[in-house]
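Asker: Fold the following.
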Amino acid sequence: MKKDAVIAIVIIAIVLAVTYGLAVIKPDLKPLVSKPYSTAAVGERPSGHVILRVNGEPVTEEEFAAVFSQLPEETQRQYSNPQGKSAFAEEMVRYKLLEQEARRLGVDHDPKVAAVVSADRMNILASAVAQKLVAKPTEQAIRAFYDKNKSSFDSVEVSHILLAYQGSMAPPRPGHTAPPEPQVVAQAREIVKQLRAGANFATMAVKYSDDVGSVERGGDLGTFGRGQLPPEIEGRIFSLKDGEISDPTPSRFGVHIFLVRRHGTQPIEQVRNAIAARVRNQNTLDRVENLRRAATVDFDTKVFPEMQKVTKKPS
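Answerer: I've put the predicted structure just below:
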């Protein structure tokens, strides 16, 4: 992406605010005629299909799409039809006019502005090249990661009975009032005694649980993998054996009674995309570290007093 597009992206928020203010206030302004100027100092321009020109300066389809992609999703949806595309093109013209004024007034040479543009350019290029440096992981690499880290893909089928207390995130069932937490914990202990004595869990869930989302399924919450539950709940659930019922477990939602029906392992089909992303990220980090080890870096020790001057030459 060229520098011009980066500057345009930086000022989108400003332009939107300005255009919104003009639409609301509607001041009596006379139109100003913009004059063409030389673009010799702009630098290398991107190739591509030119879809509009502003004072003779071309805007390619790729530039237009790049700026559009930086808008919030809701705004993109508003501009998604042909009329919206034309309306956004008008906004793009205003972006380019402000960008041109910035160059004419030398704003792009202001150290602070130049630093922001440079930082954005660095981020954009670093992100783009990261996709090129590392190939998409092979099926063999994904399978090897899965086999090596199977414990990370533990899963558990779980049911619960949830009792709401005063101030908990879960409201009580219609027609009921949530008691104070100590009273709810005491009630939960009595329910646990009955369950461990042989009472049917699904029946007790229908009778007592305040979780309307699971009560019709007898308290069945489904299957969860590691990292999918709040930490204070996950640790308790994964420590239970198959068929074991937990002690009362308070959380911000209420007081839980868990039944672990079965432990298992998430099949590779369910986690293939997540594994591919993790493998690619790690490969990228490894590649970056190789580049770092081969780089020559000189630190200003006045700015970084704890950093020794690095003069390592590429091998």
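
Asker: Can you name the next helix or strand after the helix or strand containing S86?
Answerer: S86 belongs to helix 82-104 when assigned by DSSP states H and E. Using DSSP H and E, the helix or strand that directly follows helix 82-104 along the chain is helix 111-133.

Asker: Could you give the average pLDDT over the helix holding S86?
Answerer: Mean pLDDT, computed over helix 82-104, is 93.

Asker: What is that helix packed up against?
Answerer: Contact here means 3 or more C-beta pairs under 8 Å, 6 or more residues apart in numbering; DSSP states H and E; on that basis helix 82-104 packs against helix 3-10, helix 12-25, strand 50-54, strand 57-60, helix 61-69. Every C-beta, even on glycine, is put in place using the N, C-alpha and C of the backbone.

Asker: Next, the buried residues of it.
Answerer: 88, 91-100, 102-103 (16 or more other C-beta atoms under 10 Å).

Asker: Would you point out the most distant pair within those residues?
Answerer: Spanning the widest gap among those are F88 and R103, at 22.5 Å by C-beta to C-beta.

Asker: Helices along the stretch 101-250 of the chain, start to end?
Answerer: With DSSP state H, counting those that start in this stretch as the criterion, the stretch 101-250 of the chain has helices at 111-133, 139-148, 181-196, 201-208, 212-215, 231-239.

Asker: If you count contacts, what does the shortest one end up packed against?
Answerer: When you say that, I think you mean helix 212-215. Helix 212-215 packs on strand 154-163, helix 201-208, going by 3+ C-beta pairs under 8 Å, 6+ apart.

Asker: if you set the cut-off to 10 Å instead, what comes out?
Answerer: strand 154-163, helix 201-208, strand 220-225 (3 or more C-beta pairs under 10 Å, 6 or more residues apart in numbering; DSSP states H and E).

Asker: Which of the buried residues of helix 82-104 lies at the shortest distance from G227?
Answerer: F88 (39.2 Å).

Asker: from what I can see the closest one touches S69, true?
Answerer: No. The criterion here is C-beta atoms under 10 Å, and F88 misses it with S69 at 11.6 Å.

Asker: Which residues are in contact with each of these two?
Answerer: Both F88 and S69 are contacted by Q76, under the criterion C-beta atoms under 10 Å, 6 or more residues apart in numbering.

Asker: F201 touches H160, doesn't it?
Answerer: Yes. Here F201 reaches H160: they are 9.2 Å apart, a contact under C-beta under 10 Å.

Asker: okay, the two: which has more neighbours?
Answerer: H160 (24 against 21; other C-beta atoms under 10 Å).

Asker: For stretch 231-250, list every residue counted as buried.
Answerer: 233-234, 236-238, 240, 245-246, 248-250.

Asker: Return the alpha-carbon coordinates of it using CSV.
Answerer: Backbone C-alpha positions of stretch 231-250 (Å, rounded to 0.1, in the frame of the first residue of the first chain) are rendered in CSV as follows:
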residue,chain,number,x,y,z
PRO,A,231,-10.9,-20.5,34.9
GLU,A,232,-12.5,-20.9,38.4
ILE,A,233,-15.1,-23.3,36.9
GLU,A,234,-12.8,-25.0,34.4
GLY,A,235,-10.4,-26.2,37.0
ARG,A,236,-13.2,-27.7,39.1
ILE,A,237,-14.9,-29.5,36.2
PHE,A,238,-11.7,-31.0,34.7
SER,A,239,-10.7,-32.3,38.1
LEU,A,240,-13.8,-34.4,38.4
LYS,A,241,-14.0,-38.1,37.2
ASP,A,242,-16.6,-39.5,34.9
GLY,A,243,-19.9,-39.6,36.7
GLU,A,244,-18.7,-37.6,39.6
ILE,A,245,-20.8,-34.8,41.2
SER,A,246,-19.0,-31.7,42.4
ASP,A,247,-19.4,-29.9,45.7
PRO,A,248,-21.3,-26.6,45.5
THR,A,249,-19.2,-24.2,43.4
PRO,A,250,-20.0,-20.5,43.7
